[in-house]
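> Sequence plus the predicted model coming up.
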Amino acid sequence: MPASGLTPEQRSLSARIAAHAMHSKHDSRETSQPARDAFLKRFEREVDPEGVLPAAERQRRAEHARKAYFTRLAFKSSKARRKAGDAA
């Protein structure tokens, strides 16, 4: 057993209890807004690291960078699923 005295299953259940309790008291969109904002700012920094583009152009480019990011993830996922299917 780990130093915390809980098994992995017990730690997982404890974390789920805490998550459900938090979501019962707070709007999850509000609690996760800072993380979403930081994630989206990442793409703005990626396309305009010097901060010289007009805001509208920076946002347009950042949106394409975000779409490319998620499309790349989907592509990798598709390849992994195909590879896993070939191995079966």
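Everything's here; your move.
> What is the neighbour count of residue 26?
11 (other CB atoms under 10 Å). The C-beta positions use only the backbone N, C-alpha and C, and glycine is treated the same way.
> measure it to residue 34 for me?
13 Å (CB to CB, to the nearest Å).
> Quick check on residue 63: phi, psi?
With angles defined as degrees, to the nearest 10, residue 63 sits at phi -60, psi -40.
> Now do the same for it: its pLDDT.
On the pLDDT scale, residue 63 is placed at 97.
> Leaving out sequence neighbours, find the closest residue to it.
Distances taken as CB to CB, 6 or more residues apart in numbering put residue 43 closest to residue 63, at 7.6 Å, once the chain neighbours are dropped.
> elements contacting the helix or strand harbouring residue 71?
Per DSSP states H and E, residue 71 falls inside helix 55-87. When contacts are defined as 3 or more CB pairs under 8 Å, 6 or more residues apart in numbering; DSSP states H and E, helix 55-87 sits against helix 28-47.
> what sits up against the helix it packs on?
22, 53, 58-59, 61-66, 69 (CB atoms under 8 Å, 6 or more residues apart in numbering).
> Selecting buried members of those residues in PyMOL, what would you type?
In PyMOL syntax, the buried subset of the contacts of helix 28-47 is picked out as below (16 or more other CB atoms under 10 Å):
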select buried, resi 58+59+61+62+65+66
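> now, which of the contacts of helix 28-47 sits nearest residue 77?
For these, the residue nearest residue 77 by CB to CB is residue 69; the value is 12.8 Å.
> The closest residue to that closest one other than its chain neighbours: neighbouring residues, count only.
Excluding its sequence neighbours, the residue lying closest to residue 69 (CB to CB, 6+ apart) is residue 43, at 7.2 Å. For residue 43, the count of nearby residues is 20 (other CB under 10 Å).
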